[in-house]
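Undergrad: Here's my sequence, what's the structure:
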Amino acid sequence: MAQHNDLGRKGEEIAARMLEKKGYSILERNWRSGHKDLDLIATVNGELVVVEVKTRSSYEFGNPEEAVNDRKIRRIVGAADAYVRKKCIDMHVRFDIITVVFSEEGSTVEHLEDAFFPPVWN
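TA: Next up is the predicted model:
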């Protein structure tokens, strides 16, 4: 398995444990349907929370959340819509980003709640 895949899995595990400690219930990890995928899906306080996890080995190429561009947001929102429809969920949906950056000193984890909103399509 590629080293970046191991890093990503490690970051998702850290993110899931952090959410559980904060009282979130993890419903899905790495949910996939066709070409659609979501890193983490959780619930807290009556909300469905879709979490994009970005893991990096350093800040060399900027902050990890900067990789969540408009195209990526559209993909995440489309996948979340497919998930909600498939599971017949009737809850408010929130989109968060969790960043995990590893260094020699350990890791830095940041949880960005309401990191983005679904775009309005015409």
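
Undergrad: what sits against the residue lying closest to S103 once chain neighbours are set aside?
TA: Nearest residue to S103, sequence neighbours excluded (C-beta to C-beta, 6 or more residues apart in numbering): S58, at 6.6 Å. For every residue, glycine as well, the C-beta is placed using N, CA and C. For S58, the contacting residues are 101-103, by C-beta atoms under 8 Å, 6 or more residues apart in numbering.

Undergrad: what do you get for F102?
TA: Counted by C-beta under 8 Å, 6+ apart, F102 has contacts 7, 55-58.

Undergrad: Please, which helix or strand holds it?
TA: strand 92-103 (DSSP states H and E).

Undergrad: Sheet partners, orientation included, of that strand?
TA: strand 47-56 (parallel), strand 106-112 (antiparallel) (DSSP bridges).

Undergrad: Could you identify which of those strands is most buried?
TA: Comparing those by mean neighbour count (mean count of other C-beta atoms under 10 Å), strand 47-56 comes out on top with a mean of 22.

Undergrad: Just the C-alphas of that strand, formatted as CSV.
TA: Output in CSV follows, covering the C-alpha atoms of strand 47-56 (Å, rounded to 0.1, in the frame of the first residue of the first chain):
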residue,chain,number,x,y,z
GLU,A,47,-27.2,17.1,13.1
LEU,A,48,-25.7,14.9,10.5
VAL,A,49,-22.0,15.9,10.2
VAL,A,50,-20.1,15.1,7.0
VAL,A,51,-16.4,15.4,7.7
GLU,A,52,-13.6,15.7,5.2
VAL,A,53,-10.3,14.7,6.7
LYS,A,54,-7.1,16.2,5.3
THR,A,55,-3.8,14.7,6.5
ARG,A,56,-0.4,15.9,5.7
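
Undergrad: And the contacts of that strand?
TA: With C-beta under 8 Å, 6+ apart as the criterion, strand 47-56 contacts 7-8, 10-12, 15, 19, 24, 38-43, 64-65, 67-68, 72, 76, 79-80, 83-84, 89, 91-102, 115.
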